[in-house]
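What follows is a predicted protein model with its sequence.
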Amino acid sequence: MSNLKPDSVIGCLDCPEHVQAVLEASMWAATRLQAPIGLLHAAPSLQQKAAVNYSGCLNIDDENNLLEQFTIKEHIGNCELKAQGRLLLHQATTYCEQQRQKLKTYTLHRHEHLNESIDYVDDKAQLIVIGHHVTCKSTLSQLIRVSHCPILVTHAPFLPPKTALFAFDNSPTCHKLLNWLCKTSLFRSLTVHIVMVGKKTSGNCDALREAYARLKQAGIKSKKSLLNSHDVTSALHYYQNENDIGILMSGAFGQSRLRELLRGSDTEKLLGSTKTPHLLFPKA
């Protein structure tokens, strides 16, 4: 039976150099959301991690003996992987309990790939926290494109933000993110800069003004800005650096696949170049 608790903050402990950052970010989020923390360690078995095809390379007389030896070594290796995972989860749990006594923490030890593990928690989690290193690899689209849950990607070390940048582009995904921001307590104490990159048309100005008004009505301290630029990534990073903003929020892969193929993905460009935590909201 699964011990996955609904509405948890799930901290993915898959990347050694980001474990502490993921723990810090998970505790920061869980404190604000008043949610339990699920510490997730995803480690595929040796057979999944490095499958080798031995067919055709063994003599019939030696086949059974060699396969038996391989099975024994694989079993020992998988036991070591499981033991390492249990030790990591124990240490991570102890660390969280020492830092924040009131947070409820539990563990999820999954013997499968990270994308399969995230799929396992996706529908019930409130937020998924993951290290930046993994999401910059080829698994990025697998981890984020199909997710129904907001994903917070963090660098090491994690620094609790005091301000947030909401990259608003008037897309259905951004309006979904806006609705979530107005309801969640995650950013309630932060100043949110809602920033739109594009031409200063009446349509863009009206959309930005309405989104800004929604945040203000929800009791969120906000600022708005419309940046006239063709380079979305550079404009957002410049604004973020100039205003010393601690976290970036955007929709995840809001463009069509054809447009991404022709012009590239703004999500991947932002994620690959940002140096602060980046919250990605699932595509509407």
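Here it is on my side, so go on.

The helix or strand containing T267: what's the following helix or strand?
Element membership for T267, per DSSP states H and E: helix 266-273. Per DSSP H and E, the first helix or strand lying C-terminal to helix 266-273 is strand 278-281.

Only C-alpha atoms, please: export that next one in PDB.
Extracted in PDB, the C-alpha atoms of strand 278-281 (Å, rounded to 0.1, in the frame of the first residue of the first chain):
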ATOM      1  CA  HIS A 278      12.400  28.600 -11.100                       C
ATOM      2  CA  LEU A 279       8.700  27.500 -10.600                       C
ATOM      3  CA  LEU A 280       7.200  26.000 -13.800                       C
ATOM      4  CA  PHE A 281       3.500  25.700 -14.000                       C
END
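
to the chain's geometric centre, what's the distance from it?
7 Å (CA atoms, centre = their mean, to the nearest Å).

And for stretch 158-165?
That offset, for stretch 158-165, works out to 15 Å (CA atoms, centre = their mean).

hmm, who's touching it?
20-22, 24-25, 28, 187, 190-193, 195, 236, 239-240, 243-249, 276-277 (CB atoms under 8 Å, 6 or more residues apart in numbering). Just so you know, the C-beta spots here come from the backbone N, C-alpha and C atoms, and that holds for glycine as well.

likewise stretch 231-246?
Under CB under 8 Å, 6+ apart, the answer for stretch 231-246 is 159-165, 167, 169, 193, 195, 197, 225, 227, 229, 248, 266, 269-270, 273-274, 276-277.

Is it possible to mark the buried ones in those?
The neighbour count (16 or more other CB atoms under 10 Å) marks 161, 163-165, 167, 169, 193, 195, 197, 225, 227, 248, 266, 269-270, 274, 276-277 as buried among the contacts of stretch 231-246.

Tell me which stretches of the stretch 101-250 of the chain form helices.
Secondary structure of the stretch 101-250 of the chain (DSSP state H, counting those that start in this stretch): helices at 114-121, 132-135, 140-144, 172-183, 202-217, 232-242.

any idea of the angle the longest one forms with helix 172-183?
When axes from the mean of the first three to the mean of the last three CA atoms, to 10 degrees is applied, the directions of helix 202-217 and helix 172-183 differ by 20 degrees.

any weak-confidence spans in the protein?
Applying pLDDT under 70 to the chain flags residues 1-2, 44-78, 100-101, 134-142, 145-146, 253-265, 284.

Show me what the most centrally placed residue in it is bridged to.
What sits nearest the mean C-alpha location of the chain, by CA atoms, centre = their mean, is I151, with 3.2 Å. Beta-bridge pairing for I151 (DSSP bridges): I128, L280.

can you tell me which residues contact it?
Contacts of I151 (CB under 8 Å, 6+ apart): 127-130, 135, 143-144, 252, 279-280, 282.

how about 6 Å then?
Shown in contact with I151 (CB atoms under 6 Å, 6 or more residues apart in numbering): 128, 144, 280.

quick one: the last one from A83, how far?
Yep, that's L280 we're talking about. Taking CB to CB, to the nearest Å as the measure, L280 falls 33 Å from A83.

List the buried residues in stretch 218-234.
218, 220, 222, 224-227, 232-233.

Narrow these to those in strands?
222, 224-227 (DSSP state E).

tell me which of these is nearest to Q34?
For those, the minimum distance to Q34 (CB to CB) is 23.1 Å, reached by S222.

what bridges to the closest one?
Applying DSSP bridges, one finds that S222 bridges with V192.

thought it was touching V192?
Yes. Using CB atoms under 6 Å, S222 is in contact with V192, at 4.9 Å.

and for those two, which residues touch both?
Counting by CB under 6 Å, 6+ apart, the residues touching both S222 and V192 are L215.

Put together CSV for the buried residues of stretch 218-234, with distance to T201 on each row.
As requested, the buried residues of stretch 218-234 are exported to CSV (distance: CB to CB, whole Å):
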residue, distance to T201
A218, 26
I220, 26
S222, 21
K224, 15
S225, 15
L226, 9
L227, 13
V232, 16
T233, 21
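
now, the most widely separated pair of the residues you listed?
A218 and T233 (27.8 Å).

Can you tell me how far S234 is from A252?
For S234, the distance to A252 - CB to CB - is 20 Å.

Quick check: which element contains E24?
Here E24 is assigned to helix 19-33, by DSSP H and E.
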